[in-house]
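> sequence and predicted structure, then a few things I'm wondering about:
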Amino acid sequence: MTTAEPAVPAKETATGPGAAAGVETDAQGSWFAPLPVHEYLQDVRNAVPDKIPEENPCPPDYALGELSVACGPAVRFLGTHENNSDSYRGSVLLVVRDYAGAEGTAPGIEFRLGPAHESDGPVGGGEFLKVAATATELIHQEQQFSFFRYSFTFELTQYEQRVRYSFDGLSRPHFQFFLPTAAQSMNVMSFSCNGFSLGTDTATFKGSLWLDVLRKHNRPNFHYHVMIGGGDQIYADGIKNISHEFNAWLKHKHIHSADKLTPKLEASFDDYYLNRYIEWFGKGYWAGTAGRTIQTALPIALAAIPQVNIYDDHDIIDGFGSYTDVTMRQAIFQGVGQHAFRYYMLFQHHTPYRESPKNEPSWIMGKAPGPYITEPSRSVYTRLGASIGFLGLDCRTERTKHQIVTQSTYDLAFKRVEQEILDSKHAGKPIKHLYVLLGVPICYPRMVFLERLIDSPLFYPIILLARKGIIAHSLVNEFDGQVELLDDMNDHWCSHTHKKERNKLMKKMIDFGKAYDVRITILSGDVHLCCASRFRGTSEISQANPRNDPSFITNLISSAIVNAPPPDGMAKFLSMRARKHRFQKGVVEDMIPLFSVEPGSGKHRSHELFMNKRNYSDLIPVANIPTDLLLQRYGDTATDKFYVPGVVGDKITFSNKTDNIAAASKTNGPIGYPLDPDGVVATLRVEADMTDVNSETGAYELLVPSLEVKK
């Protein structure tokens with residue numbers, strides 16, 4: 001069912017009781033009212049029910065009039081400046097339970113656009129507009145659920161806009177998001193590992209970092225235009241327990257099992273993924289074998305911040321794609337991947353998996369189906385406002401134990417990005433930064449020695465004893481009887497099985513940035529701690545100023561926003577394994593020592609490279625920071641100021657170039673970079689205290705400069 005309506009804007013005047021002159025109001029108060037973040041605060045010790053509630057016990061109430069909303073609304077970002085226009089494109093997903101509307105109808109949606117700030121209101125030239133959806137579609141029905149997708153296209157203007165939306169005239173305070181100006185690049189929030197591992201004891205995690213995300217999003221000058229999901233947006237490992245048919249198969253199967261994928265098994269897979277998404281994205285509710293949680297702020301964020309995602313193994317099941325080929329090719333195991341893909345597409349991309357990709361220009365489709373998920377890979381290209389391009393590489397659909405992405409997909413992806421960059425230059429609006437999303441860090445300590453030990457014949461007797469349950473049965477996984485840790489190691493780019501592919505990709509990115517004068521920054525997650533690493537040139541020009549270094553690529557690693565962090569011993573172990581490596585002639589790679597103090601307390605830390613606390617990150621273009629805040633941070637003369645990382649809270653400390661290099665060169669060399677008006681401030685936001693329901697974070701920042709190659 002499709003109903004199309006023209007997106008014809010119409011002026012709207014201020015309405016409602018108590019409306020200030022020239023300022024529109026609605027049922028929630030002033031047009032410019034921020035999110036009521038204090039209402040989303042939840043003490044999870046007292047609020048987590050034994051099972052998923054019919055209605056969320058905490059605000060907001062998702063019943064909209066006669067609509068029983070099971071999940072959503074969730075906003076998906078699709079693109080800006082497409083075909084050299086000033087357009088903004090996206091969609092809203094709403095999942096309704098037992099929809100009783102007349103046949104051929106859908107809950108109506110209305111978008112209202114106006115200035116984001118009072119200074120841009122009617123006096124400043126801003127107008128209030130009403131805009132209809134460009135298409136309203138019933139894209140899927142299953143069990144008692146109806147999935148409605150509302151597509152929209154807006155026009156970017158000279159001022160930043162706030163978009164409020166409603167269904168059948170009913171709205172909530174968080175039914176709103178922001179558009180950048182036509183000349184502005186986006187403020188980005190990046191996250192991964194949005195869920196707990198199945199056996200995690202959740203009792204000690206009292207807060208939710210999604211509350212802090214909303215708190216930061218509420219800042220008048222720094223709200224997030226988009227959030228990027230780097231994989232594991234949902235933890236679906238519980239399928240092995242909840243699907244009784246799958247659980248029974250796991251208990252009796254052999255490695256060379258020829259069991260068929262029966263309709264009953266497929267139905268259990270559909271039931272599992274459908275209901276887990278409804279619970280997690282709809283209510284923020286999750287239950288594992290050792291605890292449960294309800295993250296009230298998660299569905300609020302999905303409605304208030306447009307998102308663009310790729311997926312990773314936990315969106316399917318732990319380690320999918322990295323087990324042995326004989327395990328992965330079992331019909332039942334492939335069925336898990338196939339059905340997980342369908343619901344990933346539906347909930348995270350608002351797309352029925354059978355819908356033709358020709359209708360969506362942001363996709364970069366693989367040439368052939370994947371080896372275990374028989375669908376073409378779907379990487380994403382989009383433009384994050386005026387001068388930032390984004391490439392999200394699908395690193396799971398084509399993955400095997402010996403391959404991450406096929407060469408043909410790499411070729412298609414870089415050809416697409418090349419064309420987009422050339423078009424932007426021809427249009428006089430050049431792309432200066434390219435964010436590349438890779439689920440797993442590409443610049444990270446090597447564990448090859450441990451991989452080879454676990455995979456060697458010397459370890460076989462221990463594996464055999466574990467399989468028989470004589471010693472630590474949890475040492476091996478239930479899928480192929482191999483060491484549980486091995487699939488995680490095989491996932492890594494630095495694994496000995498992926499090292500050649502990894503080096504080829506990194507060389508391609510370095511050469512690509514140099515050829516097209518674009519600064520590449522890699523976004524990653526997966527590893528359940530946060531850190532930052534880099535590639536950089538060793539020449540005098542590169543050392544003097546990374547802005548002139550085409551080899552300078554930062555890998556910003558933010559993980560996990562929900563899952564439990566590893567113990568202190570892991571952070572210390574990784575710090576000991578971290579080395580400066582020679583990548584190629586004239587280029588080295590290393591970790592950046594950001595974490596000299598603890599968040600919140602400010603206490604000194606003995607290891608500075610890895611932070612084993614929950615976290616997320618954001619990237620704010622320097623041009624989006626108001627002048628008064630820039631002066632406050634950098635002083636009147638910013639050209640000689642270098643940033644000193646490792647700062648807690650919002651207090652920023654800077655020093656001059658000489659002092660900074662002297663202080664920072666003790667370990668890995670200079671890490672302060674000069675202020676660049678075309679640069680981006682990247683911040684890792686780290687949870688100060690996991691027992692605090694307020695979920696406050698400390699900030700660790702570094703400046704990512706633009707690229708100015710001296711040719």
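Thanks, I have it. Residues are numbered from 1 along each chain as shown.
> where does pLDDT dip in the stretch 51-200 of the chain?
Along the stretch 51-200 of the chain, segments meeting pLDDT under 70 span 51-63, 102-104, 121-126.
> my error: substitute the stretch 301-450 of the chain in the last question.
446-450.
> can you check the stretch 501-650 of the chain too?
Using pLDDT under 70, the stretch 501-650 of the chain drops low at 631-650.
> so who does residue 41 touch?
For residue 41, the contact set (C-beta atoms under 8 Å, 6 or more residues apart in numbering) comprises 211, 693, 694. Every C-beta, even on glycine, is put in place using the N, C-alpha and C of the backbone.
> now do stretch 75-89: everything it contacts.
Applying C-beta under 8 Å, 6+ apart, the contact partners of stretch 75-89 are 90-93, 151-157, 177, 179-180, 182, 226, 302-308, 349-350, 360-362, 382-386, 423-424, 427, 429.
> which PyMOL command selects the buried ones in the residues you listed?
Applying 16 or more other C-beta atoms under 10 Å to these, the buried members can be selected in PyMOL as follows:
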select buried, resi 90+91+92+93+151+152+153+154+155+156+157+177+179+180+182+226+302+303+304+305+306+307+308+349+350+360+362+382+383+384+385+386+423+424+429
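> about what we covered before: the contacts of residue 41 in helices, which ones?
Of the contacts of residue 41, the ones assigned to helices by DSSP state H are residue 211.
> looking at the contacts of residue 41, which is nearest residue 616?
residue 211 (11.6 Å; C-beta to C-beta).
> any idea how far that closest one is from residue 172?
Look at residue 211 and residue 172: by C-beta to C-beta, to the nearest Å, they are 17 Å apart.
> same deal with residue 689?
30 Å.
> hey, what's the residue nearest to the spatial centre of the chain bridged with?
The residue lying closest to the centre of the chain (C-alpha atoms, centre = their mean) is residue 229, at 1.7 Å. Note on residue 229: beta-bridge partners by DSSP bridges are residue 191, residue 309.
> from residue 333, how far off is it?
25 Å.
> can you count the residues close to residue 200?
20 (other C-beta atoms under 10 Å).
> with residue 541 instead?
Using other C-beta under 10 Å, residue 541 has 12 other residues around it.
> which one of residue 211 and residue 172 has more residues nearby?
residue 211 (25 against 22).
> next up, the contacts around that one.
37, 40, 41, 42, 297, 694, 695.
> mind checking pLDDT for it?
Looking at residue 211, its pLDDT is 94.
> how close does it sit to residue 41?
Applying C-beta to C-beta, the value for residue 211 to residue 41 is 6 Å.
> report the buried members of the contacts of residue 211.
Buried, going by 16+ other C-beta under 10 Å: 37, 40, 41, 42, 297, 695, out of those.
> lowest pLDDT pick from those residues?
Least confident by pLDDT among those: that is residue 42, with 62.
> okay, and residue 200 sits in which element?
Secondary structure assignment for residue 200, by DSSP states H and E: no helix or strand.
> how about the closest residue to it other than its chain neighbours, what does it touch?
Once flanking residues are discounted, residue 200 sits nearest to residue 564: 5.1 Å by C-beta to C-beta, 6 or more residues apart in numbering. Contacts for residue 564 (C-beta under 8 Å, 6+ apart) come out as 196, 197, 200, 205, 528, 614.
> quick one: contacts for the residue lying closest to residue 527 once chain neighbours are set aside?
In space, and not counting its chain neighbours, residue 527 is closest to residue 559: 5.4 Å by C-beta to C-beta, 6+ apart. Listed by C-beta under 8 Å, 6+ apart, the contact partners of residue 559 are 192, 193, 230, 524, 525, 526, 527, 528, 529, 530, 615.
> identify the farthest-apart pair in these.
Taking C-beta to C-beta, no two of these sit farther apart than 230 and 529, at 14.0 Å.
> so the two - more neighbours on which side?
residue 230 (31 against 23).
> thinking that one is in contact with residue 555, fair?
No. With contact defined as C-beta atoms under 8 Å, residue 230 does not reach residue 555; the gap is 11.8 Å.
> what about residue 582, neighbour count?
The number of residues near residue 582, taken as other C-beta under 10 Å, comes to 10.
> likewise residue 525?
Neighbour number of residue 525 under other C-beta under 10 Å is 32.
> how many neighbours does the spatially closest residue to it that is not a sequence neighbour have?
Distance criterion C-beta to C-beta, 6+ apart; nearest residue to residue 525, sequence neighbours excluded, is residue 192 at 2.4 Å. Applying other C-beta under 10 Å, we find 33 residues neighbouring residue 192.
> what sits against residue 192?
So residue 192 contacts 229-232, 312, 439, 524-526, 558-561 (C-beta under 8 Å, 6+ apart).
> is residue 507 located within a strand, as I assumed?
No. Read with DSSP: H, G, I helix; E, B strand; the rest coil, residue 507 is helix and lies in no strand.
> from residue 432, how far out is it?
Distance, residue 507 to residue 432, using C-beta to C-beta: 22 Å.
> now do the same contact list for residue 274.
142, 143, 145, 343.
> try it again with 7 Å
The contact partners of residue 274, by C-beta atoms under 7 Å, 6 or more residues apart in numbering, come to 142, 143, 343.
> again with residue 265
245, 246, 332, 335.
> which SSE is it in?
Counting by DSSP H and E, residue 265 is part of helix 263-283.
> can you dump the C-alpha coordinates of that helix into PDB?
C-alpha atoms of helix 263-283 as PDB (Å, rounded to 0.1, in the frame of the first residue of the first chain):
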ATOM      1  CA  PRO A 263       9.700 -24.300   8.400                       C
ATOM      2  CA  LYS A 264       9.400 -24.700  12.200                       C
ATOM      3  CA  LEU A 265      13.000 -23.600  12.700                       C
ATOM      4  CA  GLU A 266      12.500 -20.700  10.300                       C
ATOM      5  CA  ALA A 267       9.400 -19.600  12.100                       C
ATOM      6  CA  SER A 268      11.200 -19.700  15.400                       C
ATOM      7  CA  PHE A 269      14.000 -17.500  14.000                       C
ATOM      8  CA  ASP A 270      11.500 -14.900  12.700                       C
ATOM      9  CA  ASP A 271       9.700 -14.900  16.000                       C
ATOM     10  CA  TYR A 272      12.900 -14.300  17.900                       C
ATOM     11  CA  TYR A 273      14.300 -11.500  15.800                       C
ATOM     12  CA  LEU A 274      11.000  -9.700  15.400                       C
ATOM     13  CA  ASN A 275      10.300  -9.700  19.100                       C
ATOM     14  CA  ARG A 276      13.800  -8.800  20.200                       C
ATOM     15  CA  TYR A 277      13.700  -5.700  18.000                       C
ATOM     16  CA  ILE A 278      10.300  -4.800  19.300                       C
ATOM     17  CA  GLU A 279      11.500  -5.100  22.900                       C
ATOM     18  CA  TRP A 280      14.900  -3.400  22.500                       C
ATOM     19  CA  PHE A 281      14.200  -0.600  19.900                       C
ATOM     20  CA  GLY A 282      10.600  -0.200  21.100                       C
ATOM     21  CA  LYS A 283      10.900  -0.300  24.900                       C
END
